[in-house]
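Asks: sequence and predicted structure are below.
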Amino acid sequence: MEREEEKGLTPERVMQILEKKGTHIDIEEAKIILEFVKKIAHIAVNQYLRGCL
C-alpha cells in the first residue's frame, strides 16, 4: 500500500472524502472500497489501452 500513500489515496483519505458527503464508514470498509476502486481503475485502463492498440 506504499504507492497509494505516496499518491494520497489511503483508507483514511477514503473515509475523509466520504465523510464530506455524509457517508460514515469504518477503516475496514474504507479498505474494501479502496481495493474496489483500484480494480475498476485497472479495468478501465486496460480497456482503454486495448482500444488504442
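Replies: Structure's in. What do you need?

Asks: just the helices in this structure please.
Replies: Using DSSP state H, the helices assigned to the chain run over residues 2-7, 11-20, 27-52.

Asks: so which of those helices is the most packed in?
Replies: For these, ranked by mean neighbour count under the definition mean count of other C-beta atoms under 10 Å, the leader is helix 11-20 at a mean of 15. C-betas here are computed from N, CA, C, even on glycine.

Asks: helices or strands up against it?
Replies: When contacts are defined as 3 or more C-beta pairs under 8 Å, 6 or more residues apart in numbering; DSSP states H and E, helix 11-20 sits against helix 27-52.

Asks: by contact count, what packs against the helix it packs on?
Replies: Contact analysis of helix 27-52 by 3+ C-beta pairs under 8 Å, 6+ apart lists helix 11-20 as its packing neighbours.

Asks: so the helix it packs on versus helix 27-52, what angle?
Replies: For helix 11-20 against helix 27-52, the angle by axes from the mean of the first three to the mean of the last three C-alpha atoms, to 10 degrees is 100 degrees.

Asks: hey, C-alpha coordinates of helix 11-20 in CSV?
Replies: Only the C-alpha atoms of helix 11-20 are listed here, as CSV (Å, rounded to 0.1, in the frame of the first residue of the first chain):
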residue,chain,number,x,y,z
PRO,A,11,-8.2,4.2,3.6
GLU,A,12,-8.1,7.2,5.9
ARG,A,13,-8.4,9.5,2.9
VAL,A,14,-11.4,7.5,1.5
MET,A,15,-13.1,7.8,4.9
GLN,A,16,-12.4,11.6,4.9
ILE,A,17,-13.8,12.0,1.3
LEU,A,18,-17.0,10.0,2.1
GLU,A,19,-17.4,11.9,5.5
LYS,A,20,-17.6,15.1,3.5
